[in-house]
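> Next one to model:
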Amino acid sequence: MVYKYDFLIIGAGVAGMSYALKVARAHKGKICMICKTSLDEANTSFAQGGVASVTNLAVDNFDKHIEDTMIAGDYISDRQAVEQVVRMAPEQIKELVQWGVNFDRKENGEFDLHREGGHSEFRILHHADDTGAEIQRGLMEAVRHCPDIDVKENHFAVEIITQHHLGVRVTRRSPNIQCYGAYVLNPNQKVDTYLAKVTVICTGGCGAVYLTTSNPVIATGDGIAMVYRAKGTVADMEFVQFHPTVLHNPNETHPAYLITEAMRGYGGILKLPNGETFMEKYDERLSLAPRDIVARAIDKEMKIHGIDHVCLDVTHKNAEETRHHFPNIYQKCLSMGIDITTDYIPVRPAAHYMCGGIKVDLNGQSSIQRLYALGECSCTGLHGGNRLASNSLIEAVVYAETAARDSLQHVDLYDFNDKVPEWNDEGTMTNEEKVLITQSVKEVNQIMANYVGIVRSDLRLHRAWDRLDMLYEETERLFKRVKASRDICELRNMINVGYLITRWALERKECRGLHFTTDYPQHAYDK
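Predicted coordinates:
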């Protein structure tokens, strides 16, 4: 089947839904949102902490937020991108509220602001300890009530369509690569052709390439891999943020349950299981140091002591207040026999957020014409070497705004490309060798966890490169033999993303931001 939409959005988190709602207001064409599973399963839903924005002007200002972001990003961040996000944030918060998103407020009606690691002021808007789920709920309701948006749940984008599919040789040096839409796998396991004037990639992160992650199992880096295969530009892939504190539970790894950074902002103290503190050895900000420092510190302490977790202690805080601020974490831990008001919380680091991704400009436009990328799959330059806590949700909404404005200005200049051929799977057989795919997924997870984790070395990275190259060759041969399915497409994407993280890590010959290598221990500024 061939479908035609003016705006094709691949992904349905905060970035995709807010873009769809902003474009729908203009009534300039049909909008389709491709959703890999159900509308409510997105990385957004798993974001507990909150949204960073300057709202309390009595103590806070844009310059402070900009400087905090630059410091956390290890001064690799693009200052223009940082300024755009910070200055546009308050207006976008108002829009989220208008769409029905609820943020916690004090009795006087002002926002109840939290503070998180790396922030110099209390500026994190939140909804208890499930802010992402609340934003997802509010936006889902708005999307479902919008008649101009078609939502295709349980559909999977296989490839974006460019001149390559018309028989033109496309390389990374090719000028004017254009996107004409995407090939999409439907629930009946048939690949349909979706032609679009504008295509927007909002596929989230790639935490599922690691053995343990706070991301849902669907976070396989699909958008980044598709754009890379289409010869689009990606950047900063070495900067994988590991959240320092997920709940240590070997039975839950995709996703591992997140213990929000707001809990450390609230006063939680990191300790060894025997009660000793350790952060004073690593940073004067102690448990409120930026995530990369905290994650490396925990990783080192676990290796020194031969333990599989450390602990977060909030037992010194008021029990009623703790239950009020963190009701979901309290109940989750209680279900495992841990009362966080009297017991330590066992925590360990896990892959959490990709700071790099599809390189875009201030309007979210990628290097491929007619193709935008928003949210975690994009590299706007905001995060640099390390994301400042709670900057990601607001980045998604701000760039949804600039991308909506830009694409609405240009959509009338584009036409559908009716020369695009339909997907050809003639001669391929149904895939019954599932064990080949599941085994390869496990191998990718182990390679990335063991060789391309929090602490790296050239030896480990080269070993990862060699292993991933072998898996790539095996998987491409299998992909050509079988019909397209979600599991083999996800495996291809995971291998592509693992390769990109490894390659970018090998090319950075210094310790910078989230990239820490034992071969080049000096920081960029210490050379």
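
> ok, and for stretch 51-70, which residues are buried?
Val51, Ala52, Ser53, Val54, Thr55, Asp60, Lys64, His65, Ile66, Asp68, Thr69, Met70 (16 or more other Cβ atoms under 10 Å). Just so you know, the C-beta spots here come from the backbone N, C-alpha and C atoms, and that holds for glycine as well.

> which residues are contacting it?
77, 79, 82-83, 85-87, 89-90, 92-93, 96, 103, 110-111, 113, 116, 118-126, 131, 135, 382, 384, 388-391, 393-394 (Cβ atoms under 8 Å, 6 or more residues apart in numbering).

> per-residue confidence averaged over it?
For stretch 51-70, mean pLDDT rounds to 94.

> now swap in stretch 294-312 and tell me
Taken as a whole, stretch 294-312 has a mean pLDDT of 92.

> Can you list the buried residues in that stretch?
294-299, 301-302, 307, 309-312.

> Pull the distance from that stretch to the chain's centre.
Relative to its parent chain, stretch 294-312 has a centroid offset of 24 Å by Cα atoms, centre = their mean, to the nearest Å.

> where along the stretch 351-500 of the chain do the strands fall?
Remark: strands assigned in the stretch 351-500 of the chain by DSSP state E, counting those that start in this stretch are 357-359, 371-373, 378-379.

> hey, which of those is tucked in deepest?
strand 371-373 (a mean of 31; mean count of other Cβ atoms under 10 Å).

> Report all helices and strands that the lengthiest helix in the chain contacts.
Ranked by residue count under DSSP state H, the longest helix found in the chain is helix 458-481. With contacts defined as 3 or more Cβ pairs under 8 Å, 6 or more residues apart in numbering; DSSP states H and E, the packing partners of helix 458-481 are helix 434-451, helix 486-507.

> Save those helices as CSV, and put in distance to Val14 too.
Converted to CSV, the helices and strands packed on helix 458-481 look like this (distance: least, Cβ to Cβ, whole Å):
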stretch, distance to Val14
helix 434-451, 26
helix 486-507, 21
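
> so can I have a markdown table of the ones you listed showing mean pLDDT?
Rendered in a markdown table, the data for the helices and strands packed on helix 458-481 read as follows (pLDDT from 0 to 100):
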| stretch | mean pLDDT |
| --- | --- |
| helix 434-451 | 92 |
| helix 486-507 | 96 |
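
> re earlier: show only the entries of the contacts of stretch 51-70 found in helices.
Counting by DSSP H, those place 79, 82-83, 85-87, 89-90, 92-93, 96, 131, 135, 393-394 in helices.

> pLDDT-wise, what's the bottom of those?
Of all the ones in helices among the contacts of stretch 51-70, Thr131 has the smallest pLDDT value, namely 78.

> Find the nearest non-adjacent residue to that residue, please.
In this structure, Thr131 finds its nearest non-sequential neighbour in Gly50, 4.5 Å apart by Cβ to Cβ, 6 or more residues apart in numbering.

> distance of the one you found from Ala262?
7 Å (Cβ to Cβ, to the nearest Å).

> what touches both of those two?
Taking Cβ under 8 Å, 6+ apart as the contact rule, Gly50 and Ala262 both touch His114, Glu116, Ile124, His126.

> ok so, going back, so which bits of the longest helix of the chain are buried?
Arg460, Leu461, Arg463, Ala464, Trp465, Arg467, Leu468, Leu471, Tyr472, Thr475, Leu478, Phe479.

> which residues make contact with that helix from outside it?
428-429, 431, 433, 436-437, 440, 443-444, 447-448, 450-452, 488, 491-492, 495-496, 498-499, 502-503, 505-506, 517, 519.

> for the stretch 1-150 of the chain, what spans make up the strands?
2-10, 31-34, 51-52, 124-125, 149-152.

> and Gln178, which of the ones you listed is closest to it?
Across the strands of the stretch 1-150 of the chain, Gln178 has its closest neighbour in strand 2-10 (13.7 Å, Cβ to Cβ).

> Partner strands of the closest one, with direction?
strand 31-34 (parallel), strand 191-201 (parallel) (DSSP bridges).

> With mean neighbour count as new columns, can those be given to me in TSV?
Listed next are the strands paired with strand 2-10 as TSV, based on neighbours: other Cβ atoms under 10 Å:
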stretch	mean neighbour count
strand 31-34	24
strand 191-201	25
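
> Can I get those strands in TSV including distance to Pro290?
TSV is the format used below for the strands paired with strand 2-10 (distance: least, Cβ to Cβ, whole Å):
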stretch	distance to Pro290
strand 31-34	34
strand 191-201	28
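
> With distance to Trp423 and mean pLDDT added, can I get the ones you listed in TSV?
Below are the strands paired with strand 2-10 laid out as TSV (distance: least, Cβ to Cβ, whole Å; pLDDT from 0 to 100):
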stretch	distance to Trp423	mean pLDDT
strand 31-34	15	97
strand 191-201	4	97
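
> Compare those strands and give me the one nearest Pro273.
strand 191-201 (42.6 Å).

> Quick one: name whatever helix or strand follows that closest one.
Per DSSP states H and E, the first helix or strand lying C-terminal to strand 191-201 is helix 222-229.

> Report the mean per-residue pLDDT for that next one.
In this model, helix 222-229 has an average pLDDT of 97.

> buried residues in that helix?
For helix 222-229, the neighbour count (16+ other Cβ under 10 Å) marks Asp222, Gly223, Ile224, Ala225, Met226, Val227, Tyr228 as buried.

> just how off-centre is it within its chain?
Chain-centre distance of helix 222-229: 14 Å, with Cα atoms, centre = their mean.

> how about Val444, what does it touch?
Taking Cβ under 8 Å, 6+ apart as the test, what Val444 contacts is Val209, Leu468, Leu471, Leu491, Met494, Ile495, Gly498.

> Show me which residues of stretch 479-489 are buried.
Phe479, Val482, Ala484, Ser485, Arg486, Ile488, Cys489.

> possible to save those residues as CSV with distance to Val240?
As requested, the buried residues of stretch 479-489 are exported to CSV (distance: Cβ to Cβ, whole Å):
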residue, distance to Val240
Phe479, 25
Val482, 30
Ala484, 28
Ser485, 27
Arg486, 24
Ile488, 24
Cys489, 22
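
> Out of these, the closest to Thr37 would be?
Relative to Thr37, the closest of these is Arg486; by Cβ to Cβ it sits at 9.5 Å.

> was I right about the closest one contacting Leu185?
Yes: with contact defined as Cβ atoms under 8 Å, Arg486 reaches Leu185; the gap is 6.3 Å.

> Name the nearest residue to Thr315, ignoring sequence neighbours.
Nearest non-adjacent residue to Thr315, counting by Cβ to Cβ, 6+ apart: Thr342, 5.8 Å away.

> So the one you found sits against His316, correct?
No: if you go by Cβ under 8 Å, Thr342 and His316 don't touch, sitting 10.8 Å apart.

> Mark which of the buried residues of stretch 51-70 are part of helices, please.
Short answer: the buried residues of stretch 51-70 in helices (DSSP H) are Lys64, His65, Ile66, Asp68, Thr69, Met70.

> what does the model give Arg115 for pLDDT?
At Arg115, pLDDT is 84.

> how near is it to Phe103?
As judged by Cβ to Cβ, Arg115 and Phe103 stand 15 Å apart.

> which stretch among the helices and strands packed on helix 458-481 comes nearest Ser18?
Across these, closest to Ser18 is helix 486-507 (Cβ to Cβ), at 24.0 Å.

> List the buried residues for that closest one?
Result for helix 486-507 [16+ other Cβ under 10 Å]: buried residues 486, 488-506.

> what do you get for stretch 76-91?
Ile76, Ser77, Asp78, Ala81, Val82, Glu83, Gln84, Val85, Val86, Met88, Ala89.

> go on, stretch 356-375?
Using 16+ other Cβ under 10 Å as the test for burial, stretch 356-375 gives 356-368, 370-375.

> Tell me the span between the first and last residue of that stretch.
This stretch, stretch 356-375, spans 11 Å end to end (Cα to Cα, to the nearest Å).

> Number of residues surrounding the residue nearest to Thr131?
Per other Cβ atoms under 10 Å, the neighbour tally for Gly50 reads 31.

> Could you do Arg172 as well?
10.

> OK, contacts around it?
Applying Cβ under 8 Å, 6+ apart to Arg172 gives the contacts Lys231, Thr233.
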